[in-house]
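**Student:** just to be clear, the model below is a prediction. Sequence and coordinates:
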Amino acid sequence: MTAAAPATSRWSVAPQRLESITIRWGKVIDWISFSYRDRSGKLHTAGPWGGNGKGEGTETITLEASEYVTGVAWSVKNVERCGTSIKVVSNLRSYGPFGHGVDSTHHNLPVLNGSVVGMFARAGDFLDAIGFYILPAALPATKPTEADQQEK
């Protein structure tokens with residue numbers, strides 16, 4: 001799930017908050033889609049990316065209002081070059097893994113000081129490649145130091 005592909009169309013709506021992720025899975029990840037809110041609060045759905053495989057299950061992860069994604073782990077089968085499992089970790093719980101991840105290379109993306117707010121993907125019959133949009137956490141306000149106050 002790491003090779004490049006030619007662009008066919010471009011669109012850009014900056015994601016602000018991930019709302020849900022839906023995954024059809026079996027021995028491989030058949031397809032994935034997600035919904036997110038943009039900076040004005042409007043809900044968007046992207047995907048599904050992938051094929052029409054029957055899979056073993058379809059799971060929808062719906063995040064709570066105070067929940068955000070802090071990490072994603074996935075596996076890629078080297079021969080077929082397709083995703084074989086995915087696990088989503090939030091600040092409240094873990095979801096998955098969905099898929100089997102057998103005879104695969106495993107990857108992990110922990111997100112420190114931020115959250116996953118969207119995804120992009122490439123797929124044929126199965127999920128071939130996936131990437132993530134990360135929104136950094138806001139920097140905490142700091143109290144002015146004595147030196148800062150003396151400069152004023």
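**Tutor:** Perfect, I can see it now. Here the structure is a predicted model, which is why all the values come from computation and not from measurement. Residues are numbered from 1 along each chain as shown.
**Student:** beta partners of residue 88?
**Tutor:** Per DSSP bridges, the residues bridged to residue 88 are residue 72, residue 95.
**Student:** counting neighbours, what do you get for it?
**Tutor:** Residue 88 sits with 23 neighbouring residues when counted by other CB atoms under 10 Å. Where C-beta positions appear, they are placed from N, C-alpha and C, glycine not excepted.
**Student:** also the one 5 residues further on?
**Tutor:** Using other CB under 10 Å, the number of residues around residue 93 comes to 10.
**Student:** tell me how far it lies from residue 64.
**Tutor:** 9 Å (CB to CB, to the nearest Å).
**Student:** ditto for residue 125
**Tutor:** From residue 125 to residue 64 the distance is 33 Å (CB to CB).
**Student:** okay, those two: which has more neighbours?
**Tutor:** Each of residue 125 and residue 64 has its neighbours counted (other CB under 10 Å); residue 125 has more, 14 against 10.
**Student:** you'd agree the more buried one is in a strand?
**Tutor:** No. The assignment for residue 125, made by DSSP: H, G, I helix; E, B strand; the rest coil, is coil rather than a strand.
**Student:** model confidence for the residue nearest to it when sequence neighbours are not counted, exactly?
**Tutor:** Spatially, and ignoring its direct neighbours in sequence, residue 125 is nearest to residue 51 (3.8 Å; CB to CB, 6 or more residues apart in numbering). The model reports residue 51 with a pLDDT of 86.
**Student:** check contacts around residue 51.
**Tutor:** By CB atoms under 8 Å, 6 or more residues apart in numbering, the contact list for residue 51 reads 30, 31, 123, 124, 125, 126.
**Student:** PyMOL command for the buried members of those residues?
**Tutor:** Entered in PyMOL, the line below selects the buried ones among the contacts of residue 51, by 16 or more other CB atoms under 10 Å:
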select buried, resi 30+31+123+126
